[in-house]
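Colleague: Curious how this folds, go ahead:
(one chain, ligands or ions: 1)
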Amino acid sequence: MTHPLAMLTGEEISQASALVRADRRWTDGATFVHTILREPAKADLDARPDRQVEVQLVTGPEIDVTEIVVSLTRSTVVTWDVVEGMRPTLLMSEAVHAIFTTKEHPDYIAALARRGITDVDNVQIDPWPAGAFGYEAEQGRRIARCISFLRTDPQDNGYARPIEGLIVHFDLGRKEVIEVIDHGVVTMATQHARYFAPDCEPLRTDLKPLEITQPEGPSFTVDGNLVQWQKWSMRLTFDPYEGLVLHQVTYNDAGNERSILHRASITEMVVPYGDPAETQGFKNAFDVGEWGLGRMTQSLTLGCDCLGEIHYFDATLAKEDGEPYVIENAICMHEEDYGILWKHVDLFGGTSEVRRSRRLVVSFISTVGNYEYGFFWYFYQDGNIQLEVKLTGIVSPMAIEPGTQPEYAGVVAPGVAAPNHQHMFSARLDFDVDGTTNEVYEVEAERVATGPENPWGNAFRAKSNRLDSESVAQRETNSATSRSWRIVSPTTQNGLGQPTAYKLVPTMSTPTLLAQPDSSVGRRAGFAQHNLWVTPYAPDERRAAGNYPNQHDGGDGLPRWTAADRSLVDTDIVVWYSFGITHFVRPEDWPVMPVEYTGFLLTPFGFFDRNPALDVPPSPEGHCHANEQHKRDSA
Ligand code: CO
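Modeller: So this is what the prediction gives:
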């Protein structure tokens, strides 16, 4: 029998689409936006309920989304709702139309001609989500703002030469250019920005092979989408919006299957740009709600994206005609050596004990236009769970007059700059630490005044404050006080009588949103105005900026839900962590950016009674020797 959290199959997607097309409310010409596994509510999971799928349609050029729930078990349409005034993610077919239709428009060709560009074939057009700025062109339409770049040939890196000053407003639904706006010609950069190996010669010649081998295979097992490794167990699914989703993450503690996370994923991310120029200020991509991290995922390649004994999971999504397609090798899973796990040399006893750390890596990489985002979940032998986001790809550039120094951008090449921007992610962490009822405490260091109780002035203690309602649970990080948040089971104690808990640790300094709160992106990305939010579990509260942020005026998602200021005491809670980086672009980020990292750590805090990794065995004999030949050679 199919597990309620099994990945959607191609047959299931076809069945769902057929049920939708056979319904009397189906209209010819409707387009399938996304087909998503409708996960059962937590309370229903054990009952093995209906297998359900949510289908989203657009039925024409208007700005409605049709949301349909289909029961695969019963072969019926359960609900069919039109959500008025909402725009789903951009459609790929419409984005392609925007590119080819724009290239044929006389105003666009004339604007190119004013820049001396006649080779329209090598013009690269990037359709961007439009945002919501109150332009006439936005009203009642699904639109894109198209910006342009010039390639020398189809394989060239077009971002070397932004065609500055030129923006096209394109009506995606009606497939027509609304207006071509020319803010004025800026000198075209001349340097190329290619990054293929032949473009980067001479290449280094001193790298010796480094092989990762596991002659007996990896230490994990896979059964469908159920993964077990060391004492960890979890299920993996793949969502067109969120990409990889982790479900039912548990740790086997001496035969006791203890729950930690019911569900974990990235539910939104936004890239607000900080340059007010007319051609830059509109840029603020919501890469989940406007593009879809899952849909934009590309297949991974053995030996390059992941190294070692790899297990790949394919992801099956729906095309815009409702038929399934497979992203092969969408999710990569493997083990990594991670240095030392623990070590001590007893100087008196003369003993030395060390254990090597190994982690399970589950990852996928999404390519959203110019940028790539790698999402790497790590599971460790000491109970740690970590999410590391790797940002790479190409920064979004603009042309500047050579020799000028922009106020809101960093110069990366002669005549090319990249605007200041942020990458703000929202992780939705549905904790079930030892059961569904959890509470969240903010814990931070508190200094104590020098006095009779503290005569040396050295004292500091952990101050702990339970976050009792949604309004008090909107919090920022504070590295000066080592602020963290503990997700506590109020009903379970460890062997020392302490409540069992996991701690959310901001491992890297993280900003909140820098745009003004009442600005367009400030309203639309409300989730990024605080690092921490906590909500009571509600199955329909899924994505931090709301279901449909595309051209949305804002206020949806976390700000709207938490306005009710619901209680967070003695209930099932969901933690939302907003984290990211503020990117002042540097020359070293050009022409392709070395990976920049952000993320967070979840670490057990009294979840166990002592170091849970004492039972990791020593490395086998013969694995800890130095290279004798090398030592002799260098002596
Ligand atoms: Co960046």
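
Colleague: So this structure: which segments form each domain?
Modeller: Using automatic domain parsing, the domain parsing of the chain gives 10-84, 92-200, 227-338+359-438+483-604.

Colleague: Export these to a markdown table and append columns for mean neighbour count, distance to V616 and mean pLDDT.
Modeller: For every residue, glycine as well, the C-beta is placed using N, CA and C. Below are the domains of the chain laid out as a markdown table (neighbours: other Cβ atoms under 10 Å; distance: least, Cβ to Cβ, whole Å; pLDDT from 0 to 100):
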| stretch | mean neighbour count | distance to V616 | mean pLDDT |
| --- | --- | --- | --- |
| domain 10-84 | 17 | 32 | 95 |
| domain 92-200 | 17 | 40 | 97 |
| domain 227-338+359-438+483-604 | 20 | 5 | 97 |
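
Colleague: looking at those, which is closest to T213?
Modeller: domain 227-338+359-438+483-604 (7.9 Å; Cβ to Cβ).

Colleague: Number of residues surrounding D609?
Modeller: D609 is flanked by 12 other residues according to other Cβ atoms under 10 Å.

Colleague: what sits against the closest residue to E401 other than its chain neighbours?
Modeller: Counting by Cβ to Cβ, 6 or more residues apart in numbering, E401 lies nearest to T187, which is 5.7 Å off, once chain neighbours are set aside. Taking Cβ atoms under 8 Å, 6 or more residues apart in numbering, we find T187 in contact with A399, E401, P402, G415.

Colleague: ditto for W576
Modeller: If a contact means Cβ under 8 Å, 6+ apart, then W576 has T267, S426, A427, R428, L429, F527, L532, W533, V534, T535, A544, L558 as its contacts.

Colleague: if you set the cut-off to 10 Å instead, what comes out?
Modeller: 267-268, 426-430, 473-474, 527, 530-535, 541, 544, 557-558, 561-562 (Cβ atoms under 10 Å, 6 or more residues apart in numbering).

Colleague: cool, and R475?
Modeller: Contacts of R475 (Cβ under 10 Å, 6+ apart): V440, E442, N465, L467, R483, W485, H530, N531, L532, W533, V534.

Colleague: Dump those residues into a markdown table; add secondary structure and distance to E372 as well.
Modeller: Formatted as a markdown table, the contacts of R475 follow (DSSP: H, G, I helix; E, B strand; the rest coil; distance: Cβ to Cβ, whole Å):
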| residue | secondary structure | distance to E372 |
| --- | --- | --- |
| V440 | strand | 33 |
| E442 | strand | 34 |
| N465 | strand | 39 |
| L467 | coil | 35 |
| R483 | coil | 31 |
| W485 | strand | 30 |
| H530 | coil | 27 |
| N531 | coil | 24 |
| L532 | strand | 27 |
| W533 | strand | 27 |
| V534 | strand | 31 |
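
Colleague: Next, the contact list for S148, please.
Modeller: Contacts of S148 by Cβ under 10 Å, 6+ apart are 99, 102-103, 108, 111-112, 115, 117, 123-126, 158, 161-168.

Colleague: what helix or strand does it sit in?
Modeller: strand 143-150 (DSSP states H and E).

Colleague: Can you check what angle separates whichever helix or strand comes after that strand from strand 143-150?
Modeller: Sequence-wise, the next helix or strand downstream of strand 143-150 (DSSP H and E) is strand 162-171. Comparing the axes of strand 162-171 and strand 143-150 via axes from the mean of the first three to the mean of the last three Cα atoms, to 10 degrees yields an angle of 150 degrees.

Colleague: Strand 162-171 pairs with which strands, and in what direction?
Modeller: With DSSP bridges as the test, strand 162-171 is paired with strand 143-150 (antiparallel), strand 176-182 (antiparallel).

Colleague: So what does the residue of the chain most remote from its centre have for phi and psi?
Modeller: Largest separation from the mean C-alpha position in the chain: P452, at 50.6 Å (Cα atoms, centre = their mean). Main-chain dihedrals, P452, degrees, to the nearest 10: phi -60, psi -40.

Colleague: In terms of distance to G410, which of the contacts of R475 ranks first?
Modeller: Among these, and counting by Cβ to Cβ, the member closest to G410 is N531, at 25.2 Å.
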